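>>> quick one, what's the 3D model for this:
(2 chains)
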There are 2 protein chains.
Amino acid sequence: MTPILQLLLELAILIAATKAAGYVATQLKQPSVLGQLLVGLALGPSLIGLFEWPVLDSALSHEVILDLAEIGVIFLMFVAGLEVDIQDMLKTGRVAILAGTLGVVTPIVMGAGSALLFGNALSPSIFIGLILSATSVSISAQTLLELNVLRSKEGLALLGAAVADDVLVILALSIFLAIGAGSAGAGNAAGDIAIVIAKMALYFAGAVGIGVFILPRLTDLVHRLRISEGVVALAIVVMLLYALSAEVVGQLAAITGAFLAGVMFGRTRHREEIEQGMHTLSYAFFVPLFLVSIGLEADVRSLAGSGVVFALVIVLVAIVSKVIGCGLGARLGGMSWPQAGRVGLGMISRGEVGLIVATVGLRRGLIDETVFVTIVIMVLATTLVTPFLLRWAFARRVSEPREITYVAESARTSDG
Amino acid sequence: MTPILQLLLELAILIAATKAAGYVATQLKQPSVLGQLLVGLALGPSLIGLFEWPVLDSALSHEVILDLAEIGVIFLMFVAGLEVDIQDMLKTGRVAILAGTLGVVTPIVMGAGSALLFGNALSPSIFIGLILSATSVSISAQTLLELNVLRSKEGLALLGAAVADDVLVILALSIFLAIGAGSAGAGNAAGDIAIVIAKMALYFAGAVGIGVFILPRLTDLVHRLRISEGVVALAIVVMLLYALSAEVVGQLAAITGAFLAGVMFGRTRHREEIEQGMHTLSYAFFVPLFLVSIGLEADVRSLAGSGVVFALVIVLVAIVSKVIGCGLGARLGGMSWPQAGRVGLGMISRGEVGLIVATVGLRRGLIDETVFVTIVIMVLATTLVTPFLLRWAFARRVSEPREITYVAESARTSDG
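The predicted structure is shown next:
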């Protein structure tokens, strides 16, 4: 087979397997991302070793698949940004912001601390903490929707906190990379860091300025011109340029730029058209390739004896630090302890953003293969436990007198 | 810049430039494909040489772009297949089928003859004829729509003949490649050809059988399962597998398989959902990359002295052979000579399918760089002249007594 035919075959296998595995997972009442990651691990070097099969043994087509997966990451972060509504977040107010902030800070501190204890250097340790700070609330939202409590006080706080989490993780990653880039140079470290932070500020000012003043008009214009798929093509081009200039101008990660582009297009009048088009491009083609590529790059067998212990500790820290951080934040925001606990539990699950940050770290040599596998396991474990814990916590909630009527009402609504 | 950043930059430049050029072309009352091809030529080695710029000089990202362009070809052929309605074609009946058939046979004969006269070998000559046989009717349809005569007798015959043309070109290409593959082997040529034709028949039987009996049910099933973008993902996977197995099982071109997959999905209940999703994927991302990549691969400067003469002859043959072939077919189908002439003029323009067939030939070494450039020029020239010729021919049509009322009526309708 020629390389292009190998590429077609690999794309067909990977998209079909990922979609099917996602479906099987949802049938087993599990999040679809769980199935998609597991099938990636199964197809990867951990088990089947798809890319080592003689018929598919083409370095070129694998490189293309990994490049498509990287473009998938950019699409995914754009779609995530598109869904962010800063004003909605500010409305859910103090609770969301406090739970979001403490829910980012605590995992960074506890994650970095644990990594240091296992003999990692300071910089990789902080980066591991950073990865642990990225919540993926879609799994919790799905569970709460099934329980008919998504619109409860806890549910809304969770959604708001998740937006704060996304924004803060992106900011923390930016600052980390900026300081890393600054201190990497020898000599006047403080001066270097100042330059790097200035570049970052320049990038954000430029990107937000263009996003606020130019993009809405440009989108309107392209929409009026009736170019075939013009608005979606514009979104893709701007997304690529934001991602690119985040690295080149701002010394940030490309995903930060893609996320910011999403936030900016979310403010335009054609958000729905863009969302629909980008959703198709992402979920029918690019995102399955990203999710499955995680498993293709992670060899679970690389976790030797002490690696397993480290993985267990990281999983535990990931769970505990989120519950403590977000719970404390929600309590400080004025919720009762049981309510705050439920918000904390809802924030446990990690997902795409954590994996994306880990991929950035792997590419830049900030973490090694073993840590990457650990992170994949952490994402799988937190994704697995969150629905169980949430169902348990909301079942207990019925026994709290004030809430009974509410649950009964929602249950009735869903029947009708 | 890292290779992945170069890739992002190249994608942004190419998509933006192609979309903008397509728009400018339509503003100048020209087909958008004209602008898209010209901007590709301008960015390619003929003028700017984008890929040779130091900042973009990465063999890897260029390879990825060319691979994406090849995937774009597959998408384009799928969408073309999706739009084919065999029953509609049979309704317009004798005229469409006769005009379509003679419109394919005449360019093959005249094209091959001219190529032979210029000293080409038999096999490449026939292939050049084959490329000349692929009409792209979208430009004519657009023009007739502007003139309010798309629903006239000529317009409908044109649309029907274009479908027949698509199907016949794909068939002719299949037969050509099959015989080529069969006769390439030494020894018992007749036996080899029989084997190849048997493989081809096996592939078509299998693909049509699966398309008729399995795909409609599978599509219904996936639709019911409510997988995120499930139906579109299914279409992509099946398209890739049909394309792949066309080459591996049937010894056909991958585009034949993609086209057939499109025809098959066009018969399912979820055609609209698939069409919308595939249209976005194609026209917002993959197809611009294909159209611009044509220019990136074609160096106009490779046409030396005699090359220019050959190009002029091919352009002339392309125009004349279509008008004669289709015109004769339409006349035999029962139209008046002026009507038949207008159908012939409407079939002159070549477009994506011709370029795709040429790309297949270039990849397989059936034609060389010079011929490829010639074909690009032929597509540009025929695309350019068709709207002019059609406007002229339909302006004359007003002076034919029986037609005056019709034109007046449509003009009134469009005002109201």
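
>>> now the element after the helix or strand containing residue A:232, going C-ward?
Assigned by DSSP states H and E, residue A:232 belongs to helix A:230-248. Downstream of helix A:230-248, the next assigned helix or strand under DSSP H and E is helix A:254-266.

>>> show me where pLDDT drops low in the stretch 301-416 of chain A?
By pLDDT under 70, the low-scoring segments of the stretch 301-416 of chain A are A:398-416.

>>> residues contacting residue A:118?
A:306, A:310, A:313 (Cβ atoms under 8 Å, 6 or more residues apart in numbering or on different chains). Where C-beta positions appear, they are placed from N, C-alpha and C, glycine not excepted.

>>> if you look at those residues, which of them are in helices?
Judged by DSSP state H, the contacts of residue A:118 include A:306, A:310, A:313 as members of helices.

>>> touching chain B at all, the helix holding residue A:232?
Yes: judged by Cβ under 8 Å from any Cβ of the partner chain, helix A:230-248 and chain B are in contact via A:230, A:232, A:233, A:234, A:236, A:237, A:240, A:241, A:243, A:244, A:247, A:248.

>>> any idea which helix or strand carries the nearest residue to the second one once chain neighbours are set aside?
Spelled out, it's residue A:232. Closest residue to residue A:232 apart from its sequence neighbours, by Cβ to Cβ, 6 or more residues apart in numbering or on different chains: residue A:277 at 3.5 Å. Taking DSSP H and E as the definition, residue A:277 sits inside helix A:271-281.

>>> what about that helix, distance to the chain center?
19 Å (Cα atoms, centre = their mean, to the nearest Å).

>>> ok, residues contacting that helix?
By Cβ under 8 Å, 6+ apart, helix A:271-281 touches A:75, A:78-79, A:82, A:219, A:223, A:229, A:231-232, A:235-236, A:265, A:268, B:229, B:232, B:276-277, B:280-281, B:284-285.

>>> show me which of those are buried.
Buried by 16 or more other Cβ atoms under 10 Å in any protein chain shown: A:75, A:78-79, A:82, A:219, A:223, A:229, A:231-232, A:235-236, A:265, A:268, B:229, B:232, B:277, B:280-281, B:284-285, out of those.

>>> residue A:301 - how many residues pack around it?
Counted with other Cβ atoms under 10 Å in any protein chain shown, residues neighbouring residue A:301 total 11.

>>> mean confidence for the helix holding residue A:277?
Per-region confidence: helix A:271-281 scores 95 on mean pLDDT.

>>> and stretch A:207-223, by the same measure?
96.

>>> need the distance between the two termini of that stretch.
This stretch, stretch A:207-223, spans 21 Å end to end (Cα to Cα, to the nearest Å).

>>> name the nearest residue to residue A:103, sequence neighbours excluded.
That would be residue A:326: by Cβ to Cβ, 6+ apart, it lies 3.8 Å from residue A:103.

>>> try residue A:389
residue A:345 (4.7 Å).

>>> that neighbour: neighbouring residues, count only.
25.

>>> ditto for residue A:355
27.

>>> what angle sits between the strand or helix carrying it and helix A:254-266?
Per DSSP H and E: residue A:355 is located in helix A:352-363. Helix A:352-363 and helix A:254-266 are oriented at 150 degrees to each other (axes from the mean of the first three to the mean of the last three Cα atoms, to 10 degrees).

>>> now do the buried residues in whichever helix or strand comes after helix A:352-363.
Next helix or strand after helix A:352-363 toward the C-terminus (DSSP H and E): helix A:369-397. Buried residues in helix A:369-397, counted by 16+ other Cβ under 10 Å: A:370-383, A:385-387, A:389-390, A:393-394, A:397.

>>> next one: stretch A:333-342
Per 16+ other Cβ under 10 Å, stretch A:333-342 contains these buried residues: A:333, A:335, A:339, A:340, A:341, A:342.

>>> between the residues you listed, which sits nearest chain B?
residue A:342 (26.8 Å; Cβ to the nearest Cβ).

>>> tell me the spacing between that closest one and residue A:69.
35 Å (Cβ to Cβ, to the nearest Å).

>>> wait, residue A:290 sits on residue A:76?
Yes: Residue A:290 lies in contact with residue A:76 (Cβ atoms under 8 Å); the separation is 6.4 Å.

>>> what sits in contact with each of these two?
residue A:352.

>>> quick revisit: top of the contacts of residue A:118 by neighbour count?
residue A:310 (21 neighbours).

>>> now it. Nearest residue, chain neighbours left out?
residue A:118 (5.2 Å).

>>> looking at the one you found now. What's its pLDDT?
The model's pLDDT for residue A:118 equals 93.

>>> distance of it relative to chain B?
Remark: distance between residue A:118 and chain B (Cβ to the nearest Cβ, to the nearest Å) = 30 Å.

>>> and that residue, backbone torsions?
Main-chain torsions, residue A:118, degrees, to the nearest 10: phi -90, psi 10.

>>> same question for residue A:135.
Residue torsions, per degrees, to the nearest 10, at residue A:135 are phi -80, psi 150.

>>> and residue A:304, by the same measure?
phi -80, psi -170.

>>> can you pull out the low-pLDDT segments for the stretch 1-150 of chain A?
Within the stretch 1-150 of chain A, the ranges that satisfy pLDDT under 70 run A:57, A:88-89.

>>> try it again with 80
Scanning the stretch 1-150 of chain A for pLDDT under 80 picks out A:1, A:51-61, A:84-93, A:137-139, A:142, A:145-146, A:150.

>>> tell me where it has helices.
A:3-27, A:32-43, A:59-82, A:86-117, A:122-132, A:138-146 (DSSP state H, counting those that start in this stretch).

>>> what's the closest non-adjacent residue to the residue of the stretch 1-150 of chain A found nearest chain B?
Nearest residue of the stretch 1-150 of chain A to chain B (Cβ to the nearest Cβ) works out as residue A:12 at 3.9 Å. Leaving aside its chain neighbours, residue A:12 sits nearest to residue B:240 (3.9 Å; criterion: Cβ to Cβ, 6+ apart).

>>> also residue A:153?
Nearest to residue A:153 is residue A:339, by Cβ to Cβ, 6+ apart, at 6.4 Å.

>>> enumerate every residue touching that neighbour.
A:153, A:154, A:330.

>>> what's the neighbour count on the second one?
Spelled out, it's residue A:154. Around residue A:154 there are 29 residues (other Cβ under 10 Å).

>>> which of the helices or strands spans it?
helix A:153-184.

>>> flag every buried residue along that helix.
Neighbour count says helix A:153-184 has A:153-170, A:172-174, A:176-182 buried, by 16+ other Cβ under 10 Å.

>>> what does stretch A:14-32 give?
A:14-26, A:30-32.
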